[in-house]
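> quick one: sequence plus predicted model below, questions after.
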Amino acid sequence: MINFNIKDCLIPIIALIIFGCSNENGSSEDDILAFEPVDSLEIELPEEFLQFTSWSTYNREDQQILVEYGLGSNNSLVIHQVDFLSGKYLEPLVIPRQGPNGYNSSDASVYFKNRDSLFVFPATAPHFYLYSRSGELLEKYAYNATDNSKYNVSGYYSNAVFLDEKIFIPTAQFIRFDDPKIFTKSTPVRSFDFSSNQFIDSIPYPSYTKDKSITVDRLSPTIEAINQDSLVINYRFSDSIYFWNPATSTISSLYLSSDKFGKSKLFDRYPDRSQSLEFKLKETDFETVIYHKKRLYRIISYVDENEKSLEAYEILQYNKRKMTLLEYDLETKTKRLYKLPTAKYFTFIDDYLYVGGISLREDGDKTLRTFYKYKLE
């Protein structure tokens with residue numbers, strides 16, 4: 001039997017007051033609103049189809065470009081980019097696995113600072129690379145970490161943040177996943193200074209995780225920036241998000257969830273295989289957070305509380321996991337919940353959200369991927 005520490009997950013009374021209030025139209029902030037697409041588009045996939053992919057985004061000419069990447073033939077790193085305004089994939093960027101221009105690893109994560117600056121973080125390597133838009137290797141940076149910190153991605157979404165000329169990245173160290181002190185021994189976010197070629201800032205896990213455990217896929221956070229003022233940290237296991245102030249090196253938190261998603265859960269000890277599977281299928285996953293136009297958007301997948309009694313295979317067979325977009329307005333301090341289709345990619349452009357990555361269909365010798373376009377309020 002799994003024992004959870006409920007005390008550490010209690011919602012502050014003030015948060016209940018704020019988020020429990022009703023809107024003027026009679027609906028509660030915890031109501032999940034219908035969110036109908038205003039349009040859909042099918043985009044032809046490139047010739048080299050990637051079966052297993054991760055994703056990121058970057059801004060180019062006032063629009064957001066979706067980055068879809070994975071391993072292609074000969075384990076080369078294939079990077080696709082989707083331009084939604086033109087409705088097509090751009091010319092793919094291919095980085096070889098081996099050789100003087102290669103990323104030299106079994107896998108890698110990708111982050112575009114901008115169109116001309118592509119960072120590649122090889123899995124397990126003690127260094128990372130900077131490439132040009134054409135795939136030319138420009139620089140190699142050693143982490144120089146005494147605790148063996150390296151970039152680590154959790155889930156499909158990869159990102160990094162530049163603040164004060166430093167790059168903040170989610171990190172992992174060489175620690176056993178079943179170590180009972182993993183949360184206190186690990187550092188989930190660090191900043192790397194390019195002038196000194198070393199890590200500077202170290203941001204710890206929330207204190208309530210002490211002596212707890214979690215499945216390995218939920219360990220690393222996703223991060224985002226609010227201008228140059230704050231770093232936003234999203235833990236996939238937490239119903240709160242965390243803000244790190246670079247000027248004061250202090251952390252604050254904000255409850256950003258709903259009773260509809262249940263309480264956040266951690267394990268007292270590392271779960272076995274069956275416990276891990278049940279946790280991944282039934283428990284809420286706060287997948288990522290994205291900042292756009294003075295609002296935070298949290299992508300949440302979950303199973304309704306009244307359906308968690310189902311067997312794991314029933315959750316899969318009957319597709320019981322749902323997705324919701326939580327929108328939080330940083331100025332008015334209000335939130336909204338929107339129903340989403342099951343999706344993998346989320347891209348914001350002006351007042352629209354493009355959602356997709358799951359649905360494919362064949363049309364002759366073409367393979368088309370469907371995206372849905374939503375209008376934000």
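Alright, I've got the coordinates.
> any idea how far Leu296 is from Leu256?
As judged by C-beta to C-beta, to the nearest Å, Leu256 and Leu296 stand 7 Å apart. Backbone N, C-alpha and C define where each C-beta goes, glycine included.
> what is in contact with these two at once?
241, 289, 328 (C-beta atoms under 8 Å, 6 or more residues apart in numbering).
> among those residues, which ones are in strands?
Those of the shared contacts of Leu256 and Leu296 mapping onto strands are 241, 289, 328, per DSSP state E.
> include distance to Arg321, pLDDT and neighbour count when you put the residues you listed into a markdown table, please.
Converted to a markdown table, these look like this (distance: C-beta to C-beta, whole Å; pLDDT from 0 to 100; neighbours: other C-beta atoms under 10 Å):
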| residue | distance to Arg321 | pLDDT | neighbour count |
| --- | --- | --- | --- |
| Ile241 | 21 | 98 | 23 |
| Val289 | 19 | 97 | 24 |
| Tyr328 | 22 | 98 | 18 |
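> for Leu71, state which of those is nearest.
Nearest to Leu71 among these is Val289, at 26.9 Å by C-beta to C-beta.
> my read: that closest one touches Val232, true?
Yes. Between Val289 and Val232 there is a contact under C-beta atoms under 8 Å: 5.8 Å.
> now the element after the helix or strand where Ala225 lies, going C-ward?
In this structure, Ala225 sits in strand 222-226 according to DSSP states H and E. Going down the chain from strand 222-226, the next helix or strand is strand 230-234, by DSSP H and E.
> and that following strand, which strands flank it?
Applying DSSP bridges to the sheet, strand 230-234 is found paired with strand 222-226 (antiparallel), strand 240-245 (antiparallel).
> what's in contact with the shortest one?
What it means is strand 222-226. Outside strand 222-226, the residues that reach it (C-beta under 8 Å, 6+ apart) are 154-155, 157, 159-163, 168-170, 189, 231-234, 236, 243, 287-291, 296, 330.
> just how off-centre is it within its chain?
Strand 222-226 has its C-alpha centroid displaced from the chain centroid by 9 Å (C-alpha atoms, centre = their mean, to the nearest Å).
> what residues sit buried inside that strand?
222-225 (16 or more other C-beta atoms under 10 Å).
> export it to PDB, keeping only CA atoms.
Extracted in PDB, the C-alpha atoms of strand 222-226 (Å, rounded to 0.1, in the frame of the first residue of the first chain):
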ATOM      1  CA  THR A 222      10.000  22.600 -17.000                       C
ATOM      2  CA  ILE A 223      10.900  26.200 -16.800                       C
ATOM      3  CA  GLU A 224       9.800  29.500 -18.300                       C
ATOM      4  CA  ALA A 225      10.600  33.200 -18.000                       C
ATOM      5  CA  ILE A 226       8.400  36.200 -17.300                       C
END
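> helix or strand: which one has Lys320?
Here Lys320 is assigned to no helix or strand, by DSSP H and E.
> cool, and Ile43?
For Ile43, the enclosing helix or strand under DSSP H and E is strand 39-44.
> how long is stretch 314-331 from one end to the other?
Using C-alpha to C-alpha, to the nearest Å, the end-to-end distance of stretch 314-331 comes to 42 Å.
> err, stretch 100-113, not the other one
Taking C-alpha to C-alpha, stretch 100-113 runs 23 Å from one end to the other.
> and that stretch, what's buried?
Going by neighbour count (16+ other C-beta under 10 Å), the buried part of stretch 100-113 is 102-105, 107-112.
> for stretch 50-59, same thing?
Within stretch 50-59, the residues scored as buried using 16+ other C-beta under 10 Å are 50, 53-58.
> same check on stretch 159-169?
Under the neighbour-count criterion of 16+ other C-beta under 10 Å, stretch 159-169 has 159-161, 163, 166-169 buried.
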